[in-house]
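>>> Quick one: sequence and predicted model below, then my questions.
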Amino acid sequence: MYQTPEDRPIYRLLTGKDDRAFCERVSEALAQGWRLYGSPSMAWDEGHLCMKVAQAVVWHEADVAK
């Protein structure tokens, strides 16, 4: 099995409001060794009146198929 930071699963879905904090979370994951998996998704959150985003990342050593 692969050793990930903080013993996380090899697949993570980062979600949140489309803002600088979200971009920093994705950037931090990339700096730790995660890699992007697929395209990001965006959707309007009518309840909070903001755009929400999601980006999947996988651990760099993981052998995953797209």
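Sure thing, it's come through.
>>> Longest strand of the protein, counting residues only.
Secondary structure of the chain per DSSP state E: the longest strand is strand 50-59.
>>> Mind listing what's buried along it?
Within strand 50-59, the residues scored as buried using 16 or more other C-beta atoms under 10 Å are Val53, Ala54, Gln55, Ala56, Val57, Val58, Trp59. Where you see a C-beta, it was placed from the backbone N, CA and C, and this is true even at glycine.
>>> Given that strand, what are its sheet partners and their directions?
Partners of strand 50-59 in the sheet, by DSSP bridges, are strand 11-17 (antiparallel), strand 34-36 (antiparallel), strand 41-45 (antiparallel).
>>> list the contacts for the residue nearest in space to the middle of the chain?
In the chain, the residue lying closest to the centroid (C-alpha atoms, centre = their mean) is Leu14, at 3.4 Å. For Leu14, the contacting residues are Phe22, Arg25, Val26, Ala29, Ala54, Gln55, Ala56, Val57, by C-beta atoms under 8 Å, 6 or more residues apart in numbering.
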